[in-house]
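Undergrad: Sequence first, predicted model second:
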Amino acid sequence: MRKFITAIAAAVLFAGCTTVDPVTGERETNRAGTGAIVGAIAGAAAGTLAGGDDRRNAMIGAGIGALAGYAIGSYMDRTYLNLRERLAGTGVGVERVSQSQIRLIFPADLTFDFDRDSVKGQFVPTLRDTGSVLREYEQTTVDVYGHADSVGSDAYNQDLSERRAMNVASVLMQGGVIRQRLIAQGFGETRPVADNSSDSGRARNRRVEVYISAFQG
């Protein structure tokens, strides 16, 4: 398993400097945004100099304050209700995992064409809208996890899950989620939620999950 935590600056730099064509689903370079993303990465790097968790320091460096105490529950309540309202009828699952965490589930068949990593053109607006909601609730971290079924080699499924997670993260950035809050990671076929021996089970296993967690002090 390869994690993007240590390489997230370079990885999301690539994602943030590209756009997904809503008609063809192809990736195109967004040269106008390159300078802004590079500047964001430089600012994030400055925030890590004190040591400790890179993302935490990067968020503090970006001016995002941490939540504490009773504020966590009410903040996440508002985030959850807003996401439920905005994503109603889209097919995206919205679950409250705990007082401090929310999970979004994007079924692969809804989000991607078969064996492709580009977000479907018709789903891009929904994903951007998700990003716009998350932009409003900046005191959260956003972890994007890609998953695959067991068809194909382990290495292929790992790579596909990583690319899908990266592309979902890219569109969330287009919706306004800043890079410092994001981590994208692929798990391949290692975390099934259903039996891979059936079509329906494999369909459930092909998914991208987004975990939204309170940024705590």
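TA: Right, received. Where do you want to start?

Undergrad: Could you use CA atoms for every contact and neighbour count after this?
TA: Will do.

Undergrad: pull the CA atoms of stretch 170-188 into CSV?
TA: Coordinates of the C-alpha atoms in stretch 170-188 are reproduced here as CSV (Å, rounded to 0.1, in the frame of the first residue of the first chain):
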residue,chain,number,x,y,z
SER,A,170,-8.9,17.3,-7.5
VAL,A,171,-12.6,18.1,-8.1
LEU,A,172,-13.1,18.9,-4.4
MET,A,173,-10.4,21.4,-4.7
GLN,A,174,-12.2,22.9,-7.7
GLY,A,175,-15.2,23.3,-5.3
GLY,A,176,-13.0,25.3,-2.9
VAL,A,177,-11.4,22.8,-0.5
ILE,A,178,-7.9,24.1,0.1
ARG,A,179,-5.0,21.7,-0.4
GLN,A,180,-3.8,21.8,3.2
ARG,A,181,-6.9,20.1,4.4
LEU,A,182,-6.7,17.1,2.0
ILE,A,183,-5.1,13.7,2.0
ALA,A,184,-5.8,11.2,-0.8
GLN,A,185,-5.0,7.5,-0.4
GLY,A,186,-5.7,4.3,-2.2
PHE,A,187,-6.3,0.9,-0.5
GLY,A,188,-6.8,-1.2,-3.6
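
Undergrad: Now do the same for it: mean pLDDT, whole number.
TA: Stretch 170-188 comes out with an average pLDDT of 97.

Undergrad: And stretch 123-137, by the same measure?
TA: pLDDT averaged over stretch 123-137 gives 96.

Undergrad: how far out from the middle of the chain is it?
TA: A distance of 11 Å separates the centroid of the chain from that of stretch 123-137, by C-alpha atoms, centre = their mean, to the nearest Å.

Undergrad: the helices in this protein, which residues?
TA: 8-16, 31-47, 54-61, 70-86, 108-111, 124-136, 154-174, 199-205 (DSSP state H).

Undergrad: winner for burial among the ones you listed?
TA: helix 154-174 (a mean of 23; mean count of other C-alpha atoms under 10 Å).

Undergrad: For that helix, what is the distance to the chain centroid?
TA: Distance of helix 154-174 from its chain centroid, counting by C-alpha atoms, centre = their mean, is 9 Å.

Undergrad: looking at the helices of the chain, which has the lowest confidence?
TA: Note on the helices of the chain: lowest mean pLDDT is at helix 31-47, with a mean of 37.

Undergrad: Out of the helices of the chain, which gets nearest to residue 181?
TA: Ranking the helices of the chain by proximity to residue 181 (C-alpha to C-alpha) places helix 54-61 first, at 6.5 Å.

Undergrad: Can you check the pLDDT for residue 116?
TA: On the pLDDT scale, residue 116 gets 89.

Undergrad: hang on, the earlier thing: switch the helices of the chain over to a markdown table; also include distance to residue 180.
TA: Formatted as a markdown table, the helices of the chain follow (distance: least, C-alpha to C-alpha, whole Å):
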| stretch | distance to residue 180 |
| --- | --- |
| helix 8-16 | 9 |
| helix 31-47 | 7 |
| helix 54-61 | 6 |
| helix 70-86 | 19 |
| helix 108-111 | 24 |
| helix 124-136 | 12 |
| helix 154-174 | 10 |
| helix 199-205 | 28 |
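
Undergrad: Between the ones you listed, which one is closest to residue 117.
TA: helix 154-174 (4.9 Å).
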